[in-house]
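**Q** Everything below, folded, please.
(one chain, ligands or ions: 1)
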Amino acid sequence: MLIEKYDLEVFTPPCEPGAERFSAIARLVTDIREVFPYLNATLRGAVYNANVPALRWTKAGHYITFQPYQIAVSNVVDRDAAIKEVEGLVKLVNRTWERRGEIKPDYEAHRRPTPMEVYKLLPGTNCKQCGQPTCFTFALKLAAGQVRLEECLPLFAPQYTDRLAQLQAIVIEAPAIG
Ligand code: SF4
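**A** Numbering: from 1, shown residues only. Got it, this is the predicted structure:
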C-alpha cells in the first residue's frame, strides 16, 4: 500500500470567506510522485506536469491536485463530501499503485485541448446524435473530459478519418477509474 496514513484538513478557502464550498487536503508522509504516470495513463482528462511534479484532475466538478506529499480537492458542497472525496482519492492512489504492473505508465505532459480546437475538428452539423444540442456543446464537454469521442458517431464516417486521427491525438481518452 503506497499511502498508509495521512492527516486530513477540511476548510473553506480563505480567498472566499463565507463561501459554501469546501476544500480538503490529505497531507502525506509518503512521496507518491511515482504513481503519477500511472494515474496519468488511467484518469480521463488528467493534466500531468512532470516538471512540478503534479497531476490535476476534475471529477464531478471537484478540482483535484495530486502532489508528492499531498492530495487536495476543492469546490465540494459540504464538509462530509470533502472528507469522503479525499478518502476516495487515497483509495484510488493505492489501487492504481497496486495495479501498476498492468498499466503502461504515461509520462507525457498532456495539455488539455481548448473547446475551439476540438470544435474545429468535429463534423459541425449539429445533428444531436451524441445527445448534445450542438457540436460546440459536445466540444466543450470533450475538452473537459466529460464525454468520449465515440459518442459522435458521424465522426467515424470515412470522410472524417483525418479529423478523427487529429482528435484522438489531442483528446485524452483513457477510461476513468472508480
Ligand atoms: S454527433 Fe457529432 S456531429 Fe452530431 S452534434 Fe454531436 S458532435 Fe456534432
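
**Q** Which parts of the longest helix along the chain count as buried, going by neighbours?
**A** In the chain, taking DSSP state H as the definition, the longest helix is helix 79-98. By 16 or more other Cβ atoms under 10 Å, the buried positions in helix 79-98 come out as 81, 82, 83, 85, 86, 89, 90, 92, 93, 94, 96, 97. Using the backbone N, CA and C atoms, a C-beta is placed for each residue, glycine as well.

**Q** residues contacting the fourth one?
**A** Neighbour list for residue 85: 24, 62, 64, 73, 76 [criterion: Cβ atoms under 8 Å, 6 or more residues apart in numbering].

**Q** likewise the second one?
**A** With contacts defined as Cβ under 8 Å, 6+ apart, the neighbours of residue 82 are 10, 22, 23, 24, 73, 76.

**Q** What lies in contact with the helix or strand following the longest helix of the chain?
**A** Later in the chain than helix 79-98, the nearest helix or strand by DSSP states H and E is helix 115-119. Contacts to helix 115-119, defined as Cβ under 8 Å, 6+ apart, come from residues 135, 136, 139, 140, 142, 143, 167, 170, 171.

**Q** export the buried residues of helix 79-98 to CSV and tack on distance to the ligand?
**A** Below are those laid out as CSV (distance: Cβ to the nearest ligand atom, whole Å):
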residue, distance to the ligand
81, 32
82, 34
83, 38
85, 31
86, 35
89, 31
90, 36
92, 30
93, 34
94, 37
96, 31
97, 36
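
**Q** All good on my end, thank you.
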